[in-house]
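Peer 1: Quick one, fold the following:
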Amino acid sequence: MRILKLALISFIFFFLLLTLISLLVPSQIRISKAINIAAKREAIMSLITDTSKWKEWHPMFQTPAQSSVEPVSANDSVIIKKTIGNSGTAVTNGWQIYNYPHSDSLTVQWYMDMHMKWYPWQKFGSLFYEATYGSMMQNGLTNIKGLAENK
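Peer 2: Got it, this is the predicted structure:
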């Protein structure tokens with residue numbers, strides 16, 4: 001009985017300790033990638049704004065769609081869309097196009113904003129999002145570059 005009581009108290013202590021440590025991890029994560037593309041703004045914008053074209057360049061949409069896309073806002077240089085996965089988790093995707101003077105290309109930045117709850121497993125899991133989503137985003141930007149520069 002004493003061993004069972006010690007195990008229960010130890011489990012509760014370690015859970016509380018992990019929860020307190022996880023409070024130091026931010027609940028909002030932003031992953032951002034950028035690429036220079038030597039193409040017209042309209043070619044890039046058409047690939048990003050038209051979600052039916054996402055299967056041509058977006059790695060997550062090249063297989064049958066696992067999520068839905070909702071537009072949030074758009075103007076001539078910023079597009080923001082929200083993707084909602086099967087689990088109901090919403091991720092804000094934003095693309096911003098920068099035009100620098102004396103440059104022969106446009107810089108396209110893609111960022112993803114993710115919000116986590118206070119759960120320790122979500123917060124610690126978010127530390128690995130860069131490895132998971134970062135390479136997918138870089139592949140998507142490379143695909144956009146190939147499609148936009150060939151138009």
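
Peer 1: Name the nearest residue to residue 104, sequence neighbours excluded.
Peer 2: Excluding the flanking residues, the one nearest residue 104 by Cβ to Cβ, 6 or more residues apart in numbering is residue 38, at 5.9 Å. Every residue, glycine included, has its C-beta placed from N, CA and C.

Peer 1: and if you look at residue 138?
Peer 2: That would be residue 33: by Cβ to Cβ, 6+ apart, it lies 5.2 Å from residue 138.

Peer 1: Tell me what that neighbour is bridged to.
Peer 2: Using DSSP bridges, the bridge partners assigned to residue 33 are residue 110.

Peer 1: residue ranges for the strands of this protein, please.
Peer 2: Ranges of strands in the chain, per DSSP state E, are 28-37, 67-74, 78-85, 90-99, 106-115.

Peer 1: what's the model's confidence in the first one, averaged?
Peer 2: Going back to what we said before, that points to strand 28-37. Mean pLDDT, strand 28-37: 92.

Peer 1: buried residues in it?
Peer 2: Neighbour-count burial for strand 28-37, counted by 16 or more other Cβ atoms under 10 Å, picks out 29, 31, 33, 35, 37.

Peer 1: Also the fourth one?
Peer 2: Of the residues in strand 90-99, those buried by neighbour count under the rule 16+ other Cβ under 10 Å are 91-95, 97.

Peer 1: Would you mind giving me the confidence score for the residue positioned nearest the centre of the chain?
Peer 2: With the centre of the chain defined as its mean C-alpha position, the nearest residue by Cα atoms, centre = their mean is residue 112, 3.1 Å away. Predicted confidence (pLDDT) at residue 112: the value is 92.

Peer 1: Please verify my assumption that it contacts residue 90.
Peer 2: No - counting by Cβ atoms under 8 Å, residue 112 does not reach residue 90; the two are 11.0 Å apart.

Peer 1: Let me know the distance separating residue 31 from residue 124.
Peer 2: 16 Å (Cβ to Cβ, to the nearest Å).

Peer 1: if we can go back for a sec, dump the strands of the chain to JSON lines, plus distance to residue 46.
Peer 2: JSON lines is the format used below for the strands of the chain (distance: least, Cβ to Cβ, whole Å):
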{"stretch": "strand 28-37", "distance to residue 46": "13"}
{"stretch": "strand 67-74", "distance to residue 46": "12"}
{"stretch": "strand 78-85", "distance to residue 46": "11"}
{"stretch": "strand 90-99", "distance to residue 46": "12"}
{"stretch": "strand 106-115", "distance to residue 46": "13"}
